[in-house]
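> Provide a 3D model corresponding to the input given below.
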Amino acid sequence: MSVRNAAKRFTSVMTAASLSLALLMPAGPAFADAGFRQWVASFRATAVAGGVSGAVYDQAFRNIKEPDPVVLEKARTQPEFTAPAWDYFDNRVHDQSVANGQAMAKKWKPWLDKIEARFGVDRYILLAIWSMESNYGEILKRDDIMRNVIRSLATLGYGDPKRSKYARTQLVAALKILQTGDIDESHLMGSWAGAMGQTQFIPTSYQHYAVDMDGNGKRDIWNSIPDALGTAANLLKKNGWQAGKTWGYEVTLPAGKLPGGAKTLAQWETLGVVRANGKPFRNLSDKATLKVPDGRGGPAFLMIRNFSVIKAYNNADKYALAVGLLADEIAGGNGLVQDWKRPFTKLTFEERQELQKRLSQHGLYDGKFDGKIGDGSKTAIMAYQAKVGLTQDGYPSMEVLKWLRQK
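Numbering: from 1, shown residues only. As a prediction, this is how the structure comes out:
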């Protein structure tokens, strides 16, 4: 390559990079809109080549003239705090999520009976996934969270180099969902990254697993709870869910080092690993892997095959464990025997909401009173702790709440 050609290529690459960077930074509306409209026009050929009709494409984009700034902000913003184990599980497995799950189990029992009979997937696992993904559908009611899926994916395809390939693939799949008539574009809503419906499926996963459980001719995971839960069950079944078996067991460990790898429950029992609640293992021939997500001082678990199947939904151990623990409590279980290594006194869900309200009254918190302790709540707690001379750890503790109640 000649120096001149190399210089031309470098200039071209830098110009393209600058344009991409400009999209992730404050920019003049006219410049950003023109570039986005050009991208939408050029992507039409890609979508049509992928099986989307031109008419569907044009209809989907008829009112989309600029990228979604909220999506771009989410794409570039990383979480401020790294969550320890107790933080992750406290935000997902708590008294309110359990109570809501038990209420939903009663409300949807006839459909859960049918779904369980058809797919062989435990109803409480499905309820726990529903809770984890959308808080039993409550998230879908929040305009500050729900976005137009077509616009979101087009925004990422155009303005986020890291997610562009993903977004382009998902955008074609989302357009095909519109083409089937399962949902219209005004109701094709999802997260900023394109996860959709009660059980938060990305478009390609929807294409693979969506089912019309209620038999109305549409696979509607947004408005039909039977369709949403049936679709989740179909995903788990197709990824190897073993009917009639659990996901794993909380266990207690003997002193000393234990060997790694998968072993039968009978072999683990021989090594001195027993259930924490004192009950016997079921199916001693099942193979299990030992996991201690909070170290030796926290709870320990033997995970069997269905734990790995849950990870087909979200490939993270914490996610699959939270689903399993929440499912067990919705089913009437007592929760963990050995709690997480939490360095403070835990609050109930209602107390966490009270904490947020009191921080708001001090002018330190302006978020939702949802009991979920995210970055905004932690920042507010630390600001209050600094104000009153407490250690600035950001913990949603009873100690902080008592101080707030006194002031």
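> Pull the CA coordinates from stretch 363-378 and hand them back as CSV.
C-alpha atoms of stretch 363-378 as CSV (Å, rounded to 0.1, in the frame of the first residue of the first chain):
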residue,chain,number,x,y,z
GLY,A,363,-33.1,15.9,49.0
LEU,A,364,-30.6,13.2,48.3
TYR,A,365,-32.6,10.7,46.2
ASP,A,366,-34.9,11.4,43.2
GLY,A,367,-35.6,7.9,41.9
LYS,A,368,-38.5,5.5,42.3
PHE,A,369,-39.5,4.2,45.7
ASP,A,370,-39.2,0.6,44.4
GLY,A,371,-37.2,-1.1,47.1
LYS,A,372,-34.4,-1.8,44.7
ILE,A,373,-31.1,-0.5,45.8
GLY,A,374,-29.3,0.6,42.7
ASP,A,375,-26.6,3.1,42.0
GLY,A,376,-28.9,6.1,42.7
SER,A,377,-29.9,4.7,46.1
LYS,A,378,-26.3,3.9,47.1
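> chain center to that stretch: distance?
19 Å (CA atoms, centre = their mean, to the nearest Å).
> and if you look at stretch 51-63?
On CA atoms, centre = their mean, the centre of stretch 51-63 falls 29 Å from that of its chain.
> how about it: buried residues?
Neighbour counts over stretch 51-63 (16 or more other CB atoms under 10 Å) mark 52, 56-57, 60-61 as buried. From N, CA and C alone the C-beta is placed, and that goes for glycine too.
> before we move on, what about stretch 92-102?
92-94, 96-98, 100-102.
> thinking again about what came up before, format the buried residues of stretch 51-63 as CSV; extra columns: distance to residue 174, secondary structure and pLDDT.
What follows is the buried residues of stretch 51-63, written out as CSV (distance: CB to CB, whole Å; DSSP: H, G, I helix; E, B strand; the rest coil; pLDDT from 0 to 100):
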residue, distance to residue 174, secondary structure, pLDDT
52, 9, coil, 98
56, 11, helix, 98
57, 11, helix, 98
60, 8, helix, 97
61, 12, coil, 97
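> ok, back up a step: narrow the buried residues of stretch 92-102 to those in helices?
96-98, 100-102 (DSSP state H).
> on that earlier part again, just curious, which of the buried residues of stretch 92-102 is nearest to residue 163?
Lowest distance from residue 163 to those (CB to CB) belongs to residue 92, with 24.8 Å.
> returning to that earlier point: which one of the ones in helices among the buried residues of stretch 92-102 sits closest to residue 77?
residue 97 (25.7 Å).
> circling back: which one of the buried residues of stretch 92-102 sits closest to residue 155?
Checking these against residue 155 by CB to CB gives residue 92 as the nearest, at 28.2 Å.
> Which residues are in contact with residue 166?
Applying CB atoms under 8 Å, 6 or more residues apart in numbering to residue 166 gives the contacts residue 156.
> and it, what element?
In the assignment (DSSP states H and E), residue 166 maps to helix 164-180.
> What average pLDDT does that helix get?
Taken as a whole, helix 164-180 has a mean pLDDT of 98.
> Can you check the pLDDT for residue 185?
89.
> no no, residue 100
pLDDT for residue 100: 98.
> my read is residue 250 is in a strand, agree?
Yes. The assignment for residue 250 (DSSP: H, G, I helix; E, B strand; the rest coil) places it in a strand.
> Could you count how many residues lie near the closest residue to it other than its chain neighbours?
Of all residues beyond its chain neighbours, the one nearest residue 250 is residue 276 (4.3 Å), with distances taken as CB to CB, 6 or more residues apart in numbering. Neighbourhood size, residue 276 [other CB atoms under 10 Å]: 16.
> Phi and psi next, for residue 276.
Dihedral pair for residue 276: phi -70, psi -30, per degrees, to the nearest 10.
> What residues sit buried inside the helix holding residue 166?
Buried-residue list, helix 164-180, by 16+ other CB under 10 Å: 166-179.
> Can you convert those residues into TSV and add a column each for distance to residue 340?
Compiled in TSV, those are given as follows (distance: CB to CB, whole Å):
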residue	distance to residue 340
166	33
167	36
168	40
169	38
170	35
171	40
172	42
173	38
174	38
175	43
176	43
177	40
178	44
179	47
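> nearest to residue 218, of those residues?
Closest to residue 218 out of the buried residues of helix 164-180 is residue 177 (10.6 Å), distances taken as CB to CB.
> can you pull the contacts of the closest one?
183, 188, 203, 206-207.
> re the thing from before, residue 253 is in contact with the residue nearest to residue 250, correct?
No. Contact between residue 276 and residue 253 fails when scored by CB atoms under 8 Å: they sit 9.7 Å apart.
> Find residues that contact each of the two.
When contacts are counted by CB under 8 Å, 6+ apart, residue 276 and residue 253 have residue 300 as shared neighbours.
> Sticking with the spatially most central residue of the chain, tell me its helix or strand.
Residue closest to the average C-alpha location in the chain (CA atoms, centre = their mean): residue 133, at 5.1 Å. Assessed by DSSP H and E, residue 133 sits inside helix 123-134.
> and that helix, what other elements does it pack with?
Counting contacts by 3 or more CB pairs under 8 Å, 6 or more residues apart in numbering; DSSP states H and E, helix 123-134 is packed against helix 95-107, helix 109-119, helix 225-238, helix 305-310, helix 317-330.
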